[in-house]
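[1] when you get a sec, could you give me coordinates for this:
(one chain, ligands or ions: 1)
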Amino acid sequence: MAMYPKDAGFAAIEEIRSAAIRNLPHDVADFLETGAGTESTLRANREAFGRWVIRPRPMSGVSAPDTSTTLLGIPLSVPILTAPFGGDAMFGADGHLAVARANACCGTASIVPEAGTFSFGEVRAAAPAAARIAQVHPLDSFDAVVKRIRAAGYDALCVTVDCPLPGFRVRNRVNRFTPDAAVFEGNAVGDGTPSVREAFAGLASGAASCWGWDQLAEATARQDLPWIAKGILTAEAAETALAAGAAAVYVSNHGGRQVDPAPASLDALPAIARAVAGRAPVLLDSGVRSGADVLLALALGADAVVIGRLAAYGLAAAGETGVRRTIELLTEELRTLMILSGLPDIASITPATVREKP
Ligand SMILES: Cc1cc2nc3c(=O)[nH]c(=O)nc-3n(C[C@H](O)[C@H](O)[C@H](O)COP(=O)(O)O)c2cc1C
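    Model (predicted):
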């Protein structure tokens with residue numbers, strides 16, 4: 001008897017990554033995979049997951065775990081979202097349109113990037129059930145961009161607080177990588193606010209004015225969508241974000257692409273979760289590569305986990321189908337581990353589910 005149906009497609013995340021790298025020009029693959037500096041943060045993100053084990057529970061009695069949850073009122077079939085990654089058409093022609101459609105099929109949600117190839121409105125129209133959160137940079141164009149996000153019908157903002165300029169990414173420098181700016185400009189097009197394009201060009205070149213928390217608190221108070229602070233790595237920054245009005249804290253080192261060396265996201269998570277203490281949901285990204293990683297992050301205090309490169313690999317491997325298969329594989333592994341560890345639902349995944357390797 002065959003163990004797997006013939007139409008299962010990709011059997012493992014690693015097959016999807018290999019197909020993605022095969023399909024991409026060398027410099028685009030490097031742009032996707034690169035970290036900043038010596039890439040020690042990039043490596044640390046992975047090493048951090050390796051320091052934890054899941055405690056199996058034999059004869060668990062759990063045969064149909066419920067992976068569903070909600071985040072800021074958004075229902076999720078599994079606590080996985082896709083990260084905002086800009087320049088998406090470099091990885092697959094339909095970029096975040098395909099990512100959002102895949103999320104809609106899976107019952108998950110997209111965080112749609114400001115620096116994406118398609119506008120917030122286009123992505124929302126492609127998959128309104130999944131395109132729920134819009135990522136925005138704290139730049140002088142903030143008010144104009146948020147107005148369009150609101151008009152497009154998004155439920156929440158995700159403000160990236162760790163990227164006033166791109167990190168020092170050596171692989172891109174060595175490759176003299178100069179992608180067509182158009183793949184980042186889906187949201188920088190004329191609506192009578194030319195400052196959007198200028199603010200963006202400033203960010204890319206490192207010349208944008210770098211906001212402080214007070215300025216962000218004032219700008220977010222001028223609008224009514226709940227906002228997530230993306231790029232938090234210390235309990236102190238989490239407190240500051242909440243004091244500034246954030247509705248959720250997003251633990252992230254931008255996939256190792258900004259500060260190098262910086263703390264691994266997973267290492268930073270427990271102290272941040274303790275500091276937040278249930279006042280707001282906590283998200284985590286940076287280094288998630290498997291369903292086991294999802295479970296470890298949930299156990300250490302995340303309410304939901306976000307995938308950046310994994311989603312981009314799926315897109316580059318097979319467009320919408322590739323992203324969908326990525327989410328399916330993560331979900332299947334998470335579900336398997338929940339059965340093997342006696343975890344009937346997401347709320348039952350706690351610090352007691354895991355322990356640090358001796
Ligand atoms: C190619 C690429 C482009 C990205 N662009 C953005 C962006 O425009 N805005 C943003 O907030 N984060 C951006 N990120 C960071 C991701 O949102 C996310 O934090 C990171 O990919 C998570 O780490 P992971 O790739 O290990 O999952 C980008 C990441 C990649 C790989």
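
[2] C-alpha from now on. contacts and neighbour counts both.
    Will do.

[3] which bits of the stretch 101-250 of the chain sit near the ligand?
    Within the stretch 101-250 of the chain, the positions lying close to the ligand (Cα under 6 Å from any ligand atom) are 113, 115, 160.

[4] what's the biggest helix by length in the chain packed up against?
    Longest helix in the chain by number of residues (criterion: DSSP state H): helix 309-340. Judged by 3 or more Cα pairs under 8 Å, 6 or more residues apart in numbering; DSSP states H and E, the packing partners of helix 309-340 are helix 13-23, helix 26-33, helix 95-106, helix 291-299.

[5] filter the residues of the stretch 101-250 of the chain next to the ligand down to the ones in strands?
    Under the assignment DSSP state E, those contribute Thr160 to strands.

[6] and the residues of the stretch 101-250 of the chain next to the ligand, which is the shakiest by pLDDT?
    Across those, the smallest pLDDT goes to Ala115, namely 95.

[7] related to what we said a few turns ago, does the longest helix of the chain come close to the ligand?
    Yes: legend: contact between helix 309-340 and the ligand by Cα under 6 Å from any ligand atom is shown at Arg309.

[8] from the chain's centroid, how far away is that helix?
    Here helix 309-340 shows a centroid-to-chain-centroid distance of 14 Å under the convention Cα atoms, centre = their mean, to the nearest Å.

[9] where does pLDDT dip in the chain?
    Scanning the chain for pLDDT under 70 picks out the ranges 1-8, 189-196.

[10] just the helices in it please.
    Using DSSP H, the helices of the chain run over residues 13-23, 26-33, 40-49, 95-106, 120-126, 142-152, 170-174, 195-205, 213-221, 235-243, 265-276, 291-299, 309-340.

[11] make TSV from the ones you listed and add mean neighbour count to it.
    Below are the helices of the chain laid out as TSV (neighbours: other Cα atoms under 10 Å):
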stretch	mean neighbour count
helix 13-23	18
helix 26-33	18
helix 40-49	20
helix 95-106	27
helix 120-126	22
helix 142-152	18
helix 170-174	15
helix 195-205	18
helix 213-221	16
helix 235-243	18
helix 265-276	22
helix 291-299	24
helix 309-340	24
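
[12] reformat those helices as TSV; add distance to Ser348.
    As requested, the helices of the chain are exported to TSV (distance: least, Cα to Cα, whole Å):
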stretch	distance to Ser348
helix 13-23	26
helix 26-33	34
helix 40-49	20
helix 95-106	22
helix 120-126	33
helix 142-152	35
helix 170-174	42
helix 195-205	42
helix 213-221	34
helix 235-243	24
helix 265-276	16
helix 291-299	9
helix 309-340	9
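
[13] and of those, who's closest to Val251?
    Closest approach to Val251 among the helices of the chain is made by helix 265-276 (6.1 Å; Cα to Cα).

[14] does Ile133 touch Pro113 like I think?
    No: between Ile133 and Pro113 there is no contact under Cα atoms under 8 Å: 9.0 Å.

[15] contact residues of the stretch 251-358 of the chain facing the ligand?
    So far as Cα under 6 Å from any ligand atom goes, the stretch 251-358 of the chain lies against the ligand at 252, 254-255, 285-288, 307-309.

[16] farthest-apart pair in those residues, please.
    Greatest spacing in those, by Cα to Cα: Ser252 and Arg309 (13.2 Å).

[17] how much space between the residue positioned nearest the centre of the chain and Pro261?
    Central residue of the chain (Cα atoms, centre = their mean): Ala83, 2.6 Å from the mean position. The gap separating Ala83 from Pro261 is 22 Å, by Cα to Cα, to the nearest Å.

[18] likewise for Ala243?
    Going from Ala243 to Pro261 by Cα to Cα gives 27 Å.

[19] what do you get for Gly301?
    Relative to Pro261, Gly301 is positioned 23 Å away (Cα to Cα).

[20] now swap in Thr67 and tell me
    Relative to Pro261, and taking Cα to Cα, Thr67 is found at 34 Å.

[21] relative to helix 95-106, how tilted is the longest helix of the chain?
    Angle between the axes of helix 309-340 and helix 95-106 is 20 degrees (criterion: axes from the mean of the first three to the mean of the last three Cα atoms, to 10 degrees).

[22] send over stretch 169-187 as PDB, restricted to the C-alpha atoms.
    Extracted as PDB, the C-alpha positions of stretch 169-187 are listed here (Å, rounded to 0.1, in the frame of the first residue of the first chain):
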ATOM      1  CA  ARG A 169      23.700  42.900   3.500                       C
ATOM      2  CA  VAL A 170      27.000  41.700   2.200                       C
ATOM      3  CA  ARG A 171      25.800  39.100  -0.400                       C
ATOM      4  CA  ASN A 172      23.800  41.800  -2.200                       C
ATOM      5  CA  ARG A 173      26.800  44.100  -2.200                       C
ATOM      6  CA  VAL A 174      29.100  41.400  -3.500                       C
ATOM      7  CA  ASN A 175      26.500  40.600  -6.300                       C
ATOM      8  CA  ARG A 176      26.100  44.300  -7.100                       C
ATOM      9  CA  PHE A 177      22.500  43.500  -6.800                       C
ATOM     10  CA  THR A 178      20.300  46.200  -8.400                       C
ATOM     11  CA  PRO A 179      16.800  44.800  -8.900                       C
ATOM     12  CA  ASP A 180      14.200  46.800 -10.900                       C
ATOM     13  CA  ALA A 181      12.700  49.200  -8.400                       C
ATOM     14  CA  ALA A 182       9.300  48.500  -9.900                       C
ATOM     15  CA  VAL A 183       9.000  45.200  -7.900                       C
ATOM     16  CA  PHE A 184       9.000  47.200  -4.700                       C
ATOM     17  CA  GLU A 185       6.700  49.900  -5.800                       C
ATOM     18  CA  GLY A 186       3.200  48.500  -5.800                       C
ATOM     19  CA  ASN A 187       2.200  51.000  -3.200                       C
END
